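Engineer: Fold the following and give me the result.
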Amino acid sequence: MTPFGEEMRRLRAFRGITLQKMAKDLGVTSAYLSALEHGHRGRPNRRFLHRVCQYFAIIWDEAEALERLAHLSTPKAVLDSSGLSAQHFAVANQLADDFRNLDEEQLNELEAIIQRAKTAL
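Structural biologist: Residues are numbered from 1 along each chain as shown. Okay, here's the model as predicted:
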C-alpha cells in the first residue's frame, strides 16, 4: 500500500464510503482506485488529486499533505546517482538490492537520517 493509498483508504473508512461508491462518484473504476491504494498504479495526477480533495472536502494544509503523500507514492522510485561519488553509487545500489528486507524500525531510522540531512541543507 502506498502512503497516498493508505490515507485515501483511511478517509473512505472514516466516512463509511466503499471503494465502489467512491469510484462511481469520481467517475473512475474501482479497479483503478484499488490499484492506487495498493501501489499498482503510479501517483495520481493533480486533476485527480483535486477531485479527491473536493470529494472529501479537504482544504489547505490537509490538501497539501495529501499532495505530498501522492508525491511519495510512486511504485518504482528511481535514484539518480549520475555524476556523484562512488560511495553514492554504492549506497544507492545497496539500498535498491536490500530495500525489501528492511523492517519497520530500520525504515524509521533511514527516514530519520534523510530528514536530518534535509534540515541540514
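Engineer: what's the spacing between the residue lying farthest from the centre of the chain and residue 117?
Structural biologist: Within the chain, residue 86 marks the point farthest from the mean C-alpha position, 28.9 Å out by CA atoms, centre = their mean. Remark: distance between residue 86 and residue 117 (CB to CB, to the nearest Å) = 19 Å. (Each C-beta comes from the backbone N, C-alpha and C, glycine too.)
Engineer: Just want the most central residue of this protein.
Structural biologist: The centroid of the chain falls nearest to residue 73 when counting by CA atoms, centre = their mean (2.3 Å).
Engineer: Next, it: phi, psi?
Structural biologist: In terms of degrees, to the nearest 10, the main-chain angles of residue 73 are phi -110, psi 30.
Engineer: Please apply the same query to residue 102.
Structural biologist: phi -80, psi 130.
Engineer: That one: what's it in contact with?
Structural biologist: When contacts are counted by CB atoms under 8 Å, 6 or more residues apart in numbering, residue 102 touches residue 110.
Engineer: Quickly note the distance from it to residue 74.
Structural biologist: Here residue 102 is placed at a distance of 18 Å from residue 74 (CB to CB).
Engineer: For burial, what's the neighbour tally of residue 29?
Structural biologist: Neighbour count for residue 29, taken as other CB atoms under 10 Å: 13.
Engineer: name the element the closest residue to it other than its chain neighbours belongs to?
Structural biologist: Nearest residue to residue 29 in three dimensions, chain neighbours excluded: residue 23, at 5.8 Å (CB to CB, 6 or more residues apart in numbering). Assessed by DSSP states H and E, residue 23 sits inside helix 19-26.
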